[in-house]
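Asks: below are the sequence and a predicted model for it; my questions follow.
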Amino acid sequence: MCHPNPQNESRDKNMASYADFYRQSMDQPEAFWTEQAKLIDWHKPFTRVCNYDKPPFAHWYEGGQTNLCHNAVDRHLKDRADQAALIYVSSETGVEKTYSFKELHVEVQRMAASLLAMGVVKGDRVLIYMPMIAEAAFAMLACARLGAIHCVVFGGFASGSLASRIDDATPKVIISADAGSRGGKVVAYKPLLDEAIKLSTHKPDAVLLVDRQLAPMHLVAGRDLLWSTLRAKYMAAQVHCVWLDSTDISYTIYTSGTTGKPKGVQRDTGGYAVALAASMKHIFDGRAGETYFSTSDIGWVVGHSYIVYGPLIAGMATIMYEGLPTQGMDGQPNGAIWWSLVEKYKVTAMFSAPTAVRVLRKQDPALLKKNDLSSLRALFLAGEPLDEPTGRWISEGLNVPIIDNYWQTESGWPIITIANGVEKKASKFGSPGVPMYGYRVKILHESTGEELTQPNEKGVVVIDGPTPPGFMQTIWKDDARFVNTYWKSVPGKMVYSTFDWGIRDEDGYFFILGRTDDVINVAGHRLGTREIEESISGHAGVAEVAVVGVADALKGQVAMAFVVPKESAVLDDAAASLKLEGDIMKRVDGDLGAVARPSRVRFVSALPKTRSGKLLRRAIQAVCEGRDAGDLTTMDDPAALQQIRDRVAAK
Ligand code: AMP
């Protein structure tokens, strides 16, 4: 099962051993994190490294004051004002533009001045619903500059999802754009936003819009403002950074869980800045003046940590890319676009997801050899399990270490990986690596909560508190939900549950074996099956529904829906079931966005449940994947599972 990664170098003699580094973080956390804190600028020094008086709430660097935008932008003006900071590349629109740190500083101040003019002050929420354009990064940094809390909502989400996030975040201002574009197809954002604001109870005071001239926009008088107008007005604005307490909130980002209601993961300021600075050095081995390329989206946590804040804090240029991995700047197919960017901008560290590599794997392998990739030191992959064939293919193609890293929206930075900047330890295919400094990772028995210490015993992956800097502080406005959801799921123990199954082998390498809850991972996008079920049950023709994640060769997993229709006649009427399937998919598109659309909707007369009425999702999933459905002694109606088996076998 485990294969040493032949690409990884053996340990450099000058490097410390990672085991020692990790041990220090466990045995002397105060000294360790005090040292890491030197990687950022502090306006006021902290007086207490970690306040863990009220577990599980960890408060990092109390008494200290800093600012994320200062650390990402302003502090670099002294040494690297004219060096590249943000490299914006869109293969959708053909736009390619580099902003130096000085230019980024100017743009961020224009955006900050515009927000100030709209009445935004420290602590106010600003919701950002934007495509991958440079203005989205300006907006995030401008919020950080003012101490406003940004809530970036992934542009692929539709009105229903957006409305629930507007109601939870209650933003004073929303920043958006006329449209995004995907594979040359324009996706108008403004009508989706207008619909979401209509659906939400909370209404923002103002909406700031970037007009890319991709789709017509109807401006709402008294509410909607154009960025071009405000930018022109604040061309020479000077807006100073607001010094924030280390524990002040920097942002919230929504993620899916086991209930339909998304969770606003809340992060602090100082701990996050230190965590990112430390990870850029110790994990990504990125150095100031070099270029970092993360292919993620600002709507996801990777986009926050490793498109915007992390690389900039490290003084690196960051590439922000809009478009498919297989599309050239002229909009024509080009499976080497990313590699040509690596060559052109001399990228040293690249970050992507296994699903993107699986897409590239379908291209001509010669495309990997077309460009000079000698600048690249490592490719980091995260978001979903990295299967061995994919890992091997890209490792052989690029001839650089492929470093899998396991983390979550909640953690903000890798939990398990290889700390390439500390020691270039060998990787094992199928394993993200070993626990990162600051993370006390354990494997516990699912029902007894007992720690599993023997190699290769399967259990739930948990983290003992205090969680390290950068980790979520709480769930926005809901401390009780934070404690109950994450810290009370293992009987008798207060530990943070990742809700992932895992094992640790005899060498201490972890293997992640999938979620313990109802969360699925489609092309690296985390989705709650409950959210999809809620959308589907809203359809008048649906009596009952179960959504499960099913293994897929390209996307990792896809959602599959089993629906009991209100009219049983649908079951025997091919045309009616096809129509209902189409209607249901349209409904999910409208509520949640196409990312959440099930790959198939299949109609059944009953769903398999336990005698106490609990849906047997794991059994449905097993049947869909052609596996054994496991122990079914508590099942109420075995015929229901057989029906699912028949439906799946039918096509
Ligand atoms: P998200 O919060 O969207 O980043 O999703 C986090 C979840 O994605 C984790 O709990 C895992 O189930 C999965 N995940 C992320 N990275 C990896 C990885 N490298 N290997 C296996 N699973 C991963």
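Replies: Okay, I see it.
Asks: now the spatially closest residue to Ala606 that is not a sequence neighbour, what's its secondary structure?
Replies: Using CB to CB, 6 or more residues apart in numbering and skipping the chain neighbours, the partner closest in space to Ala606 is Ala640 (4.3 Å). Any C-beta I mention is one placed from the backbone N, CA and C, and that applies to glycine too. Applying DSSP: H, G, I helix; E, B strand; the rest coil to Ala640 yields a three-state assignment of helix.
Asks: contacting residues around stretch 573-592?
Replies: The contact list for stretch 573-592 (CB atoms under 8 Å, 6 or more residues apart in numbering) reads 157-161, 527, 531-532, 535-536, 538-539, 541-542, 561, 563, 565, 567, 569-571, 596-598, 600-601, 603.
Asks: how many neighbours does Arg145 have?
Replies: Arg145 has 26 neighbours, counted by other CB atoms under 10 Å.
Asks: Phe482 now?
Replies: Using other CB under 10 Å, Phe482 has 21 neighbouring residues.
Asks: from what I can see Ala535 touches Gly160, true?
Replies: You called it Ala, but residue 535 is Ser. Yes. Taking CB atoms under 8 Å as the definition, Ser535 is a contact partner of Gly160 at 6.8 Å.
Asks: any idea which helix or strand carries the residue nearest to Lys97 when sequence neighbours are not counted?
Replies: Counting by CB to CB, 6+ apart, Lys97 lies nearest to Tyr88, which is 5.0 Å off, once chain neighbours are set aside. For Tyr88, the host element (DSSP states H and E) is strand 84-90.
Asks: next one: Tyr99
Replies: Going by DSSP H and E, Tyr99 is part of strand 96-100.
Asks: for the ligand, what's the nearest residue on the stretch 451-600 of the chain?
Replies: Per CB to the nearest ligand atom, Arg526 is where the stretch 451-600 of the chain lies closest to the ligand, at 3.2 Å.
Asks: in a strand, that residue, correct?
Replies: Yes. Per three-state DSSP, Arg526 lies within a strand segment.
Asks: now do the contacts for Phe46.
Replies: Applying CB under 8 Å, 6+ apart, the residues near Phe46 are 37, 61-64, 246, 270.
Asks: check what pLDDT the closest residue to it other than its chain neighbours gets.
Replies: Nearest residue to Phe46, sequence neighbours excluded (CB to CB, 6+ apart): Gly64, at 3.1 Å. According to the prediction, Gly64 has pLDDT 98.
Asks: if I look at Gly64, how far off is Gly271?
Replies: Distance, Gly64 to Gly271, by CB to CB, to the nearest Å: 10 Å.
Asks: what do those two both touch?
Replies: Residues touching both Gly64 and Gly271 by CB under 8 Å, 6+ apart: Ser246.
Asks: between those two, which one's more packed in?
Replies: Set Gly64 next to Gly271 and count neighbours by other CB under 10 Å: Gly271 wins out with 28 against 25.
Asks: for the more buried one, which three-state class applies?
Replies: Quick answer, by three-state DSSP: Gly271 is helix.
Asks: quick one, what contacts it?
Replies: 60-61, 246-247, 468-471.
Asks: again, only this time at 7 Å
Replies: Going by CB atoms under 7 Å, 6 or more residues apart in numbering, Gly271 touches 60-61, 246, 469-470.
Asks: with Glu567 instead?
Replies: Neighbours of Glu567 in contact, by CB under 7 Å, 6+ apart: Gly541.
Asks: same deal with Ala16?
Replies: Contacts of Ala16 (CB under 7 Å, 6+ apart): 422-423.
Asks: enumerate the residues of the stretch 501-650 of the chain near the ligand.
Replies: Applying CB under 6 Å from any ligand atom, we find that the stretch 501-650 of the chain lies next to the ligand at 512, 515, 521, 526.
Asks: among those, which one sits closest to Phe482?
Replies: Closest approach to Phe482 among those (CB to CB): Arg526, at 17.5 Å.
Asks: beta partners of the closest one?
Replies: Beta-bridge pairing for Arg526 (DSSP bridges): Asn521.
Asks: so it makes contact with Gly257?
Replies: No. Using CB atoms under 7 Å, Arg526 is not in contact with Gly257; the gap is 9.2 Å.
Asks: common neighbours of those two, please.
Replies: What both Arg526 and Gly257 touch, as defined by CB under 7 Å, 6+ apart, is the set Val519.
Asks: same drill for these two, tell me which one is more crowded.
Replies: Neighbours were counted for Arg526 and for Gly257 using other CB under 10 Å; Gly257 has more, 22 against 19.
Asks: right, and Gly459 touches Ser447 too?
Replies: No. The criterion here is CB under 7 Å, and Gly459 misses it with Ser447 at 9.9 Å.
Asks: more neighbours: those two, which one.
Replies: Gly459 (23 against 10).
Asks: now do the contacts for that one.
Replies: Counting by CB under 7 Å, 6+ apart, Gly459 makes contact with 443-446, 452.
Asks: do that again at 8 Å, thanks
Replies: Here Gly459 is in contact with 443-446, 452, 501-503 (CB under 8 Å, 6+ apart).
Asks: from these, which shows the smallest pLDDT?
Replies: Between the contacts of Gly459, the one the model trusts least by pLDDT is Glu446, at 85.
Asks: what about it, how many neighbours?
Replies: 15.
Asks: helix, strand or coil for it?
Replies: Glu446 - assigned by three-state DSSP - is coil.
Asks: make sure it is actually in contact with Glu457.
Replies: No. Applying CB under 8 Å, one finds Glu446 not in contact with Glu457, separated by 11.1 Å.
Asks: flag every residue of the stretch 351-500 of the chain that's near the ligand.
Replies: 382-385, 404-409, 432, 498, 500.
Asks: may I ask which two of those residues are separated the most?
Replies: Asp404 and Thr409 (17.5 Å).
Asks: for the two, indicate the residue with more neighbours.
Replies: Taking other CB under 10 Å, Asp404 and Thr409 do not tie; Asp404 has more neighbours (26 against 19).
Asks: note down every partner strand of the host helix or strand of that one and its orientation.
Replies: Assigned by DSSP H and E, Asp404 falls within strand 402-405. Strand 402-405 has the following sheet partners, assigned by DSSP bridges: strand 378-382 (parallel).
Asks: show me the beta-bridge partners of the residue in the stretch 151-300 of the chain positioned nearest to the ligand.
Replies: Ranked by CB to the nearest ligand atom, the top residue of the stretch 151-300 of the chain for proximity to the ligand is Thr255, at 5.2 Å. Thr255 forms beta bridges with Lys263, as assigned by DSSP bridges.
Asks: let me see the contact set for it.
Replies: Contacts of Thr255 by CB under 8 Å, 6+ apart are 262-263, 265, 301, 408-410, 526.
Asks: all set now, cheers.
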